[in-house]
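>>> need the 3D shape of this:
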Amino acid sequence: MRFRARPTTGPTSRSSSRPATGSASAPVTAPATDPAVGTPPPPPADDPPEQRRVLVVLILSQILSGAGLAAGITVGALLAEEMLGSTSLAGLPAALFTGGAALGAVGVGRVCQRWGRRPGLASGYAVGALGSLGVVGAAAADSAPLLFVSLVVYGAGTSTNLLARYAGADLARPERRGRAISTVLLATTLGAVAGPNLVTWSGSVAHAWDLPRLTGPFLLAVAAFTSAAVVLGCFLRPDPLLLARSRAAETERTKQTEGKESKDAEEDRDEAPSSHGLDGAPAPAPSLSPTDVRALVTGTTVMVLTQLVMISVMTMTPVHMTAHGHGTQLTGLVIALHVGAMFLPSPLSGRLVDRLGPRPVAAAAGATLFAAGCTAALAPPHSAAALAVALVLLGFGWNLGLLSGTAMVTAATPPSTRAGTQGLVDVGIAVAGASGGLASGVVTASGGFPVLAFGGGVLALAVLPLVLVTARATHPQRPAGRHATCGTGGRVRPHRSS
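Residues are numbered from 1 along each chain as shown. Modelled structure (predicted):
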């Protein structure tokens, strides 16, 4: 019959409405409007349109700022060795600018937490540009104290470049979070790979301006970080973090309203939900579940270990190659391949995170870094090809670790405290990088580059037992079913009893 009376919500309507959903004469919307039957799960939706605009702006800013990363990576150690006249202190610039990255992560994280991603990221790049300019002035004046201070300030730009990956995930759907993060990281590739290959050209520009040739990449960093700051300050609208907060608050208010009308929702409201004002100020932080705490600790530890290993080996590679007769151009090419491996595999890594979960990807990161360390340790000193293979593996392992750890940290933190927590996590990453950069010179001077590389590879294996232990601790709490998360470290959806 085409015209039928609307079924009641009594027991008879429950039994009669089930066959109607499969009949040809039943309206298609019956399951969604009948409270006795319930609303079927909606099909997967795409990211909101604001997310596309945010990603476009982030991609442009990452391309520009990526060129600024090449300065500290490629010629930082060489500049310090030239100015200080000591190989054992060649790792000091990496320690200083990664230490500055730690301070920058705190500052940028707090600004983002209070005022949003746009002012936080833009100010971070502006400070990085100022530090790059200070390095140029220090080299021109042959002032080691000014060099040290400027490298710390320069580190703020490098930390901002990494913190931008979190902005790409603010508005992304959970099942697309890995791909969103990977998109931002991939955008860094163009500038980061081009930067080391511009060492000779930028050095010629610096020489034409009566500056030391090794300051050329830092001149490029001044322009790169300044351009990124302008792009973000002008075009990152709406602010992804503030919009994510307002939508999360609206979702919680909607759940609270629906819960008052449905008895089934009472068990999901143990506490009143947090909310945010229109100015984006965060509400009191909700407590994290044990699963979230484990995911947060695991993700942080994975990124800290991968950063420590990558920085220590990468920092001394240019020094090792130069000492064995390789030219600056060839050294820059090897570093460019390394930086490309740090970012180019991001789409693959992001899809692996979304499909397999971040924990298996983190385990793969530890194994890849171990292979990189062994390859670098066994590579003949005069073989640039073997060193290039080792550095490519090193970059790929870092990429796997960063993406998997970022996904775990993002899934474990609510929007109300996300930026502050992410800033503190990146402080740990920067401190690990500073420690690796500082220790790398000492280890190389005392034991040689092979000892440093092999030791870093062995240290990376610590990721494997960590992931195994946390996976076993989390697995009993994951409900069965296709909607359960597979090692994501995020919130597990409550299993509704039928």
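>>> now do the contacts for the nearest residue to residue 352 once chain neighbours are set aside.
Leaving aside its chain neighbours, residue 352 sits nearest to residue 361 (5.1 Å; criterion: C-beta to C-beta, 6 or more residues apart in numbering). (Glycine included, C-beta is placed from N, CA and C.) Contacts for residue 361 (C-beta atoms under 8 Å, 6 or more residues apart in numbering) come out as 349, 352, 353, 400, 403, 404.
>>> just the ones in helices from the residues you listed, please.
349, 352, 353, 400, 403, 404 (DSSP state H).
>>> and the pLDDT at the residue nearest to the fourth one when sequence neighbours are not counted?
To tie it back to what came earlier, the one meant is residue 400. Closest residue to residue 400 apart from its sequence neighbours, by C-beta to C-beta, 6+ apart: residue 365 at 3.7 Å. Here, the pLDDT recorded for residue 365 equals 96.
>>> and the longest helix for this structure?
helix 290-323.
>>> by how many degrees do the helix or strand just after that helix and helix 290-323 diverge?
The helix or strand immediately downstream of helix 290-323 is helix 328-343, counting by DSSP states H and E. Per axes from the mean of the first three to the mean of the last three C-alpha atoms, to 10 degrees, the angle that helix 328-343 makes with helix 290-323 is 170 degrees.
>>> quick one on the thing from earlier: in which helix or strand would I find the residue nearest to residue 352?
Using DSSP H and E, the element containing residue 361 is helix 358-378.
>>> now that helix: how far from the chain's centre is it?
Its chain's C-alpha centre lies 18 Å from the corresponding centre of helix 358-378 when counted by C-alpha atoms, centre = their mean, to the nearest Å.
>>> now it and helix 290-323, what's the angle there?
Using the same axes, to 10 degrees: helix 358-378 against helix 290-323 is 20 degrees.
>>> pull out the buried residues from helix 358-378.
358-377 (16 or more other C-beta atoms under 10 Å).
>>> quick one, helices of the stretch 151-300 of the chain?
Along the stretch 151-300 of the chain, the stretches classed as helices by DSSP state H, counting those that start in this stretch are 177-197, 199-208, 216-235, 240-261, 290-323.
>>> how many neighbouring residues does the closest residue to residue 312 other than its chain neighbours have?
Of all residues not flanking residue 312 in the chain, residue 436 sits nearest, at 3.5 Å (C-beta to C-beta, 6+ apart). For residue 436, the neighbour count with other C-beta atoms under 10 Å is 27.
>>> just residue 410 next, same as before
29.
>>> after the host helix or strand of it comes which helix or strand?
Per DSSP H and E, residue 410 falls inside helix 384-412. Past helix 384-412, further along toward the C-terminus, the next helix or strand under DSSP H and E is helix 418-447.
>>> and the helix or strand just after that next one, what other elements does it pack with?
The helix or strand immediately downstream of helix 418-447 is helix 449-460, counting by DSSP H and E. In terms of contacts (3 or more C-beta pairs under 8 Å, 6 or more residues apart in numbering; DSSP states H and E), helix 449-460 is packed against helix 290-323, helix 358-378, helix 418-447.
>>> could I get these as CSV with distance to residue 408?
Shown next, in CSV, are the helices and strands packed on helix 449-460 (distance: least, C-beta to C-beta, whole Å):
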stretch, distance to residue 408
helix 290-323, 3
helix 358-378, 5
helix 418-447, 10
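>>> how far out from the middle of the chain is the host helix or strand of residue 55?
Using DSSP H and E, residue 55 sits within helix 49-70. Relative to its chain's centre, helix 49-70 lies at 13 Å (C-alpha atoms, centre = their mean).
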